[in-house]
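Trainee: let me see the structure of the following:
(chains A and B)
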Amino acid sequence: MIKARGLARRFTTKLGPVDAVRGVDIDVAEGELVGFLGPNGAGKSTTLRMLTTLLQPTAGEAIIAGHDLLADPAGVRRQIGYVGQKNGAGADQRAGDELEFQARFYGLSKHDARKKVADLLERFELQGMEKRAVITLSGGQQRRLDIAMGMLHDPRLLFLDEPSTALDPQSRRNLWDHIKQLRTDGTTVFLTTHYLDEADFLSDRLLVIDHGSIVGEGSPDELKNRVSGDLVVLGTPQASIVASKFENAVVDGDKVSFRIPNGDRALPGLLRDLGNIGVELHSVQVHRPTLDDVFLTMTGRSLREDANAA
Amino acid sequence: MLRDTWLVFVRVMLPVMRNPVAIVFGLAQPLLYLGLFGPLLGDSGWQWFVPGLLVQMALFGTAYAGFSLLPEVRTGVMERLRVTPVSRVALLVGRVGKDVVLLVVQSLLIMLAAMLFGFRASAGEIVLGLGLVALLGIAIGSASYAIALKVKLEYVFASVLSSTIVPLMLLSGVLLPMSNGPQWLYWLSRVNPLAHVVDAERSIFNTGSVLLGLVSVSALVLAGMFYGVRTFNRESA
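Mentor: All right, here's what the predicted structure looks like:
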């Protein structure tokens, strides 16, 4: 559904050229829900803006939903939906009008547009808001309106840029359910996020971007397995003996921690071996790595700190 | 294309229709000129002054149009519209259409008000006069949106406007005849296409040739539309 090769964007600034995106390859299959994870300023939005025809790439090429991005941007636009980071409804417009015009910009007849609008107002719990001016809606309501505007024409491929920004936890959860439902209905979804829990919960597959390059790719579980292994923490009075058996083990009082691949499966055998050499254990913990661990290992910095700093 | 333009036009027209008070506010300035400046020219001045006032309305009414685009650029509205298959030209022309319709309505109201003071015009003259004003509005409105899209910041846009509109207006002879001044000032006004449009508008309601004004306004429309369409096609808002 997406096949991009060497997509790059250089911005010319007064301080010299800035390579926001440095030649990324992206492949997304039909029906996939792919998360594009990275800290603020990593190049997520710039990549998304290129894929959605908003920004001309300085190098590279892409086929989006069967249309060539550079040769046939209008063809791409007809196939895709896009929900940007910022609010897309005009402040002086009525919510219902914005939805109806949006549907008609995609070629729906007045009748079909109205039907679709009524359907989406209900789906996003915006009934009764259609006559309200956009400026009087709450942040969460405006966000839901944005997302509804991106889906009026039932796009085969939907791009979402930081969809849950500015949403309270409950609306966020609700939005996640909507996105999962889209995937179930067969829509291909490509979303950017700097929230680990969002990437983890939603994505079939993740692309990790940092400093304009893709630094990792795989399902959330694959990424976690591949990069860091699981963290095992054993409580034992013979901490130093245990530590000597594992690479890079860290001793903290009577606790020994170390990483091993597939910790949940490795643990029973490992405990048996330790028992055989007479080691006594009084506690056992296995932590699955978080995506933050993944990011830390791949880039040397924490995504969480970065997200908080922004 | 036509359908897209119509949709964009209706979309920007709706908020105005729901709040028509804005149209009346737009009439405040020309009404003040009509009431507080027009009488200074004497009873015979109306026939000369009102056509100039109409051109001034076209200039001020559409040059500021770009301001309405800036909040839509700053929020995600323009971006959202640009991802739809809607024609880029329609995004510009639909908006300009709204400004020109408002301009024509306001100009008509001002002409009718001026008739109370002693301005005389036939129906045919009114139609021709409004047509010329509309053409000028298309030219200036297109350029205004394009410049707004390029500069993106209100304070920059405001200074671009005030540094171009005021000299254009002063050198067009809308307030006093340029021939009253020294030779160099008169010749300076001759290179201002707006001065020719003012002359043509005056010719419509009196006597004289409209040819030079029509040529000037046609050139302005072509230039404004070309610049506007090119900017809307290229600029990533």
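Trainee: torsion angles phi and psi at the spatially most central residue of chain A?
Mentor: Nearest residue to the geometric centre of chain A (CA atoms, centre = their mean): A:Gly35, 3.2 Å. Here is the backbone geometry of A:Gly35 (degrees, to the nearest 10): phi -100, psi 140.
Trainee: likewise for the one 4 residues further on?
Mentor: Summarising the backbone geometry of A:Pro39 under the convention degrees, to the nearest 10, its torsions are phi -70, psi 170.
Trainee: hang on, A:Leu231 in a strand?
Mentor: Yes. Counting by DSSP: H, G, I helix; E, B strand; the rest coil, A:Leu231 is located in a strand.
Trainee: for chain B, see how far away the residue lying closest to it once chain neighbours are set aside is.
Mentor: Spatially, and ignoring its direct neighbours in sequence, A:Leu231 is nearest to A:His287 (4.2 Å; CB to CB, 6 or more residues apart in numbering or on different chains). C-beta: built from backbone N, CA, C; applies to glycine. Distance of A:His287 to chain B, computed by CB to the nearest CB, to the nearest Å: 39 Å.
Trainee: was I right about A:His287 contacting A:Asp230?
Mentor: Yes. Between A:His287 and A:Asp230 there is a contact at 6.4 Å, judged by CB atoms under 8 Å.
Trainee: can you pull the residues that touch both of those two?
Mentor: Shared contacts of A:His287 and A:Asp230 (CB atoms under 8 Å, 6 or more residues apart in numbering or on different chains): A:Gly263.
Trainee: please say which of these two ends up with more neighbours.
Mentor: Between A:His287 and A:Asp230, counting by other CB atoms under 10 Å in any protein chain shown, A:Asp230 is the more crowded of the two (22 against 13).
Trainee: tell me how many other residues surround the nearest residue to the more buried one once chain neighbours are set aside.
Mentor: Of all residues not flanking A:Asp230 in the chain, A:Gly263 sits nearest, at 2.9 Å (CB to CB, 6+ apart). By the criterion of other CB under 10 Å, A:Gly263 has 20 neighbours.
Trainee: need the helix or strand of chain B with the lowest average pLDDT.
Mentor: Across the helices and strands of chain B, mean pLDDT, DSSP states H and E gives its lowest value to helix B:21-26, namely a mean of 81.
Trainee: ok, residues contacting that helix?
Mentor: By CB under 8 Å, 6+ apart, the residues outside helix B:21-26 that reach it are B:Val16, B:Gly61, B:Leu102, B:Val105, B:Gln106.
Trainee: try stretch A:214-231
Mentor: Stretch A:214-231 is touched from outside by A:24-26, A:199-200, A:203-209, A:257-264, A:286-291, A:293-294, A:297-299, with contacts defined as CB under 8 Å, 6+ apart.
Trainee: same question, stretch A:280-290
Mentor: Stretch A:280-290 is contacted by residues A:196, A:200, A:224, A:227-238, A:263-264, A:267, A:271, A:274-275 when judged by CB under 8 Å, 6+ apart.
Trainee: next step: these restricted to helices.
Mentor: Using DSSP state H, the subset of those located in helices is A:Leu196, A:Asp200, A:Lys224, A:Val227, A:Gly263, A:Asp264, A:Leu267, A:Leu271, A:Leu274, A:Gly275.
Trainee: what helix or strand does A:Thr176 sit in?
Mentor: Check again: residue A:176 is Trp, not Thr. Using DSSP states H and E, A:Trp176 maps to helix A:169-184.
Trainee: gap between that helix and the chain center?
Mentor: Offset of helix A:169-184 from its chain centre (CA atoms, centre = their mean, to the nearest Å): 13 Å.
Trainee: what helices or strands is it leaning on?
Mentor: If contacts are counted by 3 or more CB pairs under 8 Å, 6 or more residues apart in numbering or on different chains; DSSP states H and E, helix A:169-184 sits against strand A:33-37, helix A:139-149, strand A:188-193, helix A:196-202.
Trainee: look at the residue lying farthest from the centre of chain A and give its secondary structure.
Mentor: Ranked by distance from the centre of chain A (CA atoms, centre = their mean), the top residue is A:Gly278, with 46.7 Å. Counting by three-state DSSP, the backbone at A:Gly278 sits in coil.
Trainee: do the same with B:Gly208
Mentor: coil.
Trainee: that one contacts B:Arg202, correct?
Mentor: Yes. Using CB under 8 Å, B:Gly208 is in contact with B:Arg202, at 7.0 Å.
Trainee: quick one, which of those two is more surrounded?
Mentor: Remark: of B:Gly208 and B:Arg202, B:Arg202 carries more neighbours, 24 against 13, as counted by other CB under 10 Å.
Trainee: contact partners for the more buried one?
Mentor: B:Trp48, B:Pro51, B:Gly52, B:Gly208.
Trainee: got CSV for these, with pLDDT too?
Mentor: Listed next are the contacts of B:Arg202 as CSV, based on pLDDT from 0 to 100:
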residue, pLDDT
B:Trp48, 92
B:Pro51, 95
B:Gly52, 94
B:Gly208, 88
